[in-house]
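A.B. asks: Starting from these lines, generate the structure:
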Amino acid sequence: MSSRSRIRRNPRIRLGPAFARFWLAHGASAVGGQIGELALPLLAVVTLHASATEAGLLGVARWLPFLLLALPLGVLADRRTRRPILIVSDVCRASLTIAVVVAAMAGALTLAALVTLVALLGAFTVAFEVAYQSFLPSVVGREHLESANSRLQATFSVAEVAGPGVGGWLIQTFTTAGALLVQAGTFIVSAVALLGIRSLEERPDPSAVSAMTQLREGLRFVRRDPYLVALVGFSAIYNLFAQWVMVLLLVHAVREWGLTAGHLGLVFSLGAIGAVMGAALAPRSVRRFGAGPVLVACAGAESIVLAALPVIEADWGRTLVVAALIGVFAVNGAGTSLSSVVALTLRQLRTPDHLLGRVNATMRWISYGVVAIGAGIGGVLGDLVGTRLGIAIGCAGVVLTVVWVIASPLRRIGNPNDITREEVVLTRES
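C.D. replies: Down below sits the predicted model:
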């Protein structure tokens, strides 16, 4: 029976109790991350009165660890079992979040201290992101990756719905400190769930090859694979300009549109319903249209719809502004969520297990590393030309994503299993 037939006949395959625990851990971590995505920037803008440049600096601190640490942590994820890395990352993120709360409640929190703590949070987020994507094939097997990734992405999308809404409500009701305490709790839940997963990973063989050699091997593997190059370009172009837009959007929304934390929580929560739908439809969409056409359509939807942001005016009234923003982020979320499921599945299928940590790290290093650059440029440009024009320039840049995907080999992919590499069964290069 062909792989295509197996996909059609088993769309709801049971993935077992180990995946259920992994799913819970991922979901709890995702909710915590989404609460922090709203709470930490608002803490800087509202409580510490940060400028656009300073808000951009906070974004740089959040994402710079991907640029600095993703590659060495990818090597670590291939030289050690991955579950302990996930657990330690969760415990450390919970501790650092509590440290932010304590400093804020004591009146001792400064912008410099917040930037430092956010950078440390980002470092352990890098470790978690690299390790969880590399750990997943050990939990479900390669034959079930598309189904597992679809469920994980759908859960992340649900977190995008619940997280900002809960975060906005918590900020309005209990202040930012209360929201951050809930975030810390979600990381603890994730760590406990991961502790319940037993004996799934094979311990990596001790390697006589140096860490630097292994790092270069991962970089070389990505550089030589046209599909991986195309995937990392897709993510990097979009992420750079999208973060540019988001840094300025929060400042613009508070100061120009007069939106509160509750309004922003509502926008991101209801807007993320599109992301939930996109993730849920991923397997069906790929089976019907093929992975390539789906990626092209997603690139267009998630990029072009952002062009509506600069034309929204404060004199529309808060209700209409909020409604327009919900529509924009619903379409954008559907595209990014669906394309994320497809892209991650393609990456995992193209990569042998002994290289997964380094390949995932290389992809994160580039695609998330540029987010720090986008946050910095966006913040500075917002102070120079104004937040509205800064958003418009960022939205124009996002559209380059569509050009990249159309020009890449991604658009020709049908069934994802058709591009599985024979090298998956080969031993590592010397």
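A.B. asks: now stretch 350-360, how far from the centre of its chain.
C.D. replies: Its chain's C-alpha centre and that of stretch 350-360 lie 18 Å apart, by CA atoms, centre = their mean, to the nearest Å.
A.B. asks: what comes up buried for that stretch?
C.D. replies: Buried residues in stretch 350-360, defined by neighbour count with 16 or more other CB atoms under 10 Å: 350, 351, 354, 355, 356, 357, 358, 359, 360. C-beta coordinates here come from the backbone N, C-alpha and C atoms, glycine included.
A.B. asks: okay, those in JSON lines with secondary structure, pLDDT and distance to residue 62 next?
C.D. replies: Shown next, in JSON lines, are those (DSSP: H, G, I helix; E, B strand; the rest coil; pLDDT from 0 to 100; distance: CB to CB, whole Å):
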{"residue": "350", "secondary structure": "helix", "pLDDT": "84", "distance to residue 62": "29"}
{"residue": "351", "secondary structure": "coil", "pLDDT": "81", "distance to residue 62": "27"}
{"residue": "354", "secondary structure": "helix", "pLDDT": "73", "distance to residue 62": "31"}
{"residue": "355", "secondary structure": "helix", "pLDDT": "78", "distance to residue 62": "28"}
{"residue": "356", "secondary structure": "helix", "pLDDT": "73", "distance to residue 62": "25"}
{"residue": "357", "secondary structure": "helix", "pLDDT": "69", "distance to residue 62": "22"}
{"residue": "358", "secondary structure": "helix", "pLDDT": "76", "distance to residue 62": "23"}
{"residue": "359", "secondary structure": "helix", "pLDDT": "80", "distance to residue 62": "23"}
{"residue": "360", "secondary structure": "helix", "pLDDT": "73", "distance to residue 62": "19"}
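A.B. asks: Check these and tell me the two furthest apart.
C.D. replies: 350 and 357 (14.6 Å; CB to CB).
A.B. asks: And the buried residues of stretch 350-360, which is closest to residue 406?
C.D. replies: Of all those, residue 406 sits closest to residue 350, with 20.4 Å by CB to CB.
A.B. asks: Make sure that closest one is actually in contact with residue 225.
C.D. replies: Yes - at 6.1 Å, residue 350 counts as touching residue 225 under the criterion of CB atoms under 8 Å.
A.B. asks: So residue 241 versus residue 400, what's the distance?
C.D. replies: Per CB to CB, to the nearest Å, residue 241 is found 7 Å from residue 400.
A.B. asks: So between the two, which is more surrounded?
C.D. replies: Under the criterion of other CB atoms under 10 Å, the comparison of residue 241 against residue 400 puts residue 241 first, with 26 against 16.
A.B. asks: pLDDT (mean, whole number) over the helix or strand harbouring that one?
C.D. replies: Using DSSP states H and E, residue 241 falls within helix 226-255. Helix 226-255 carries an average pLDDT of 89.
A.B. asks: residues of the helix or strand just after it that come out buried?
C.D. replies: Remark: after helix 226-255, the chain's next helix or strand is helix 261-271, criterion DSSP H and E. Within helix 261-271, the residues scored as buried using 16+ other CB under 10 Å are 261, 263, 264, 265, 266, 267, 268, 269, 270, 271.
A.B. asks: repeat for stretch 176-189
C.D. replies: Neighbour counts over stretch 176-189 (16+ other CB under 10 Å) mark 176-189 as buried.
A.B. asks: From residue 397, how far out is the nearest residue to residue 159 once chain neighbours are set aside?
C.D. replies: In space, and not counting its chain neighbours, residue 159 is closest to residue 30: 3.7 Å by CB to CB, 6 or more residues apart in numbering. Per CB to CB, residue 30 is found 27 Å from residue 397.
A.B. asks: How are the helices of the stretch 1-150 of the chain distributed by residue range?
C.D. replies: Under the criterion DSSP state H, counting those that start in this stretch, the stretch 1-150 of the chain contains helices at 3-9, 16-42, 52-79, 83-105, 111-140, 145-195.
A.B. asks: Tell me, how many residues neighbour residue 106?
C.D. replies: Counted with other CB under 10 Å, residues neighbouring residue 106 total 8.
A.B. asks: Could you provide the buried residues of helix 261-271 in TSV, with additional columns for distance to residue 245 and pLDDT?
C.D. replies: Conversion of the buried residues of helix 261-271 to TSV gives the following (distance: CB to CB, whole Å; pLDDT from 0 to 100):
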residue	distance to residue 245	pLDDT
261	19	73
263	18	84
264	14	81
265	19	74
266	19	79
267	14	84
268	14	77
269	19	73
270	19	78
271	14	77
